[in-house]
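**Student:** What follows is a protein structure lacking sequence information:
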């Protein structure tokens, strides 16, 4: 039985991933998390409460594991711009510590297609990165720490996530598919600025299955992982088709987010991986949750990384 350590395993991305590996008889799962966005962890999974900068706590346990999945850190342009120094500590310093101190197994790291910034070509993993934010720059720096110092690693540059993860962790309402679907269900018009910016998208649950696939097949390296590329205007149109009565307002003025990129998935697809979930499934799933008022207070800052960190005056 392999022992797997999931740093950030109580979060939006980690919740479902912990469930996937915990359901298997060949893995023993430990979740390590500081519960920044949660106030409890009640799953029947081994849990260690801790900060990823607590090197004393980590060094006492980390080398007991065959696989370390490193999801922890600050996520998103807004959240990472609040305090660049803290972002550097969490997103880069901790990864450097990991590669210097973890010697016994496989490192799985989730990066972001945001490292490409703006690129008008259809790009693969060999394309020159062009990070436009602190978030993207720290993800790229962390990637390089791993590539230069770890022999056994898998790095995923993820598309923009959407959908519902596990049945426990908070939903994120600061992701474009999720927030536009929420607005459509509430009868609000969807405002699209510019709308021709490309984004690769990916259901949050498919990340766990990509990790599972690579670990099962012994696949290693750096991979773009997404379901497909879509322009924001097309995304709004798809929501309009699936949620009757939705109105979409288009404005020529571009939004302040200048990211615009399309990525190739050929490398990960060539290994036999394929996404299990689709945009349409994600929209309909979210629509049901919002229409049935399963999220009672959608204005609670906890559903947005940046708004929550501002609300608690987060200083790291």
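**Tutor:** Noted; the coordinates are in hand. Note that this is a predicted model, so its numbers are computed, not measured.

**Student:** Next, the residue of the chain most remote from its centre: secondary structure please.
**Tutor:** Relative to the mean C-alpha coordinate of the chain, counting by CA atoms, centre = their mean, the farthest residue is residue 245 (30.5 Å). Per DSSP: H, G, I helix; E, B strand; the rest coil, the secondary structure class of residue 245 is coil.

**Student:** Which parts of the longest helix along the chain count as buried, going by neighbours?
**Tutor:** If you go by DSSP state H, the chain has its longest helix at helix 134-149. Applying a neighbour-count criterion of 16 or more other CB atoms under 10 Å, one finds 134, 135, 136, 137, 138, 139, 140, 141, 142, 143, 145, 146 buried in helix 134-149. Using the backbone N, CA and C atoms, a C-beta is placed for each residue, glycine as well.

**Student:** helices or strands up against it?
**Tutor:** helix 77-81, helix 84-88, helix 94-101, strand 106-112, strand 153-158 (3 or more CB pairs under 8 Å, 6 or more residues apart in numbering; DSSP states H and E).

**Student:** now that helix against strand 106-112, angle please.
**Tutor:** Inter-element angle recorded for helix 134-149 and strand 106-112: 150 degrees (by axes from the mean of the first three to the mean of the last three CA atoms, to 10 degrees).

**Student:** Not counting its own residues, what contacts helix 134-149?
**Tutor:** The contact list for helix 134-149 (CB atoms under 8 Å, 6 or more residues apart in numbering) reads 73-77, 79-81, 84, 87-88, 91-92, 95-96, 99-100, 107, 109, 111-112, 114-115, 117, 129, 131, 153, 155, 222.

**Student:** Drop anything exposed from these.
**Tutor:** In the contacts of helix 134-149, the ones that pass as buried (16+ other CB under 10 Å) are 73-77, 79-80, 87-88, 91-92, 95, 99, 107, 109, 111-112, 114-115, 117, 129, 131, 153, 155, 222.

**Student:** Helices along the chain, start to end?
**Tutor:** 14-22, 55-59, 77-81, 84-88, 94-101, 134-149, 176-185, 204-217, 232-242, 266-269, 279-291, 305-311.

**Student:** For residue 42, which of those helices is the nearest?
**Tutor:** helix 14-22 (11.9 Å; CB to CB).

**Student:** and stretch 290-304, average pLDDT?
**Tutor:** Stretch 290-304 carries an average pLDDT of 96.

**Student:** ends of it, how far apart?
**Tutor:** For stretch 290-304, the first-to-last residue distance is 16 Å (CA to CA, to the nearest Å).

**Student:** same check, this time on stretch 180-192
**Tutor:** 10 Å.

**Student:** again with stretch 16-36
**Tutor:** Stretch 16-36 stretches 17 Å from its first residue to its last (CA to CA).

**Student:** In that stretch, which residues are buried?
**Tutor:** 16-22, 27-34, 36.

**Student:** Check stretch 58-73 too.
**Tutor:** 58, 62, 65, 67, 68, 69, 70, 71, 72, 73.
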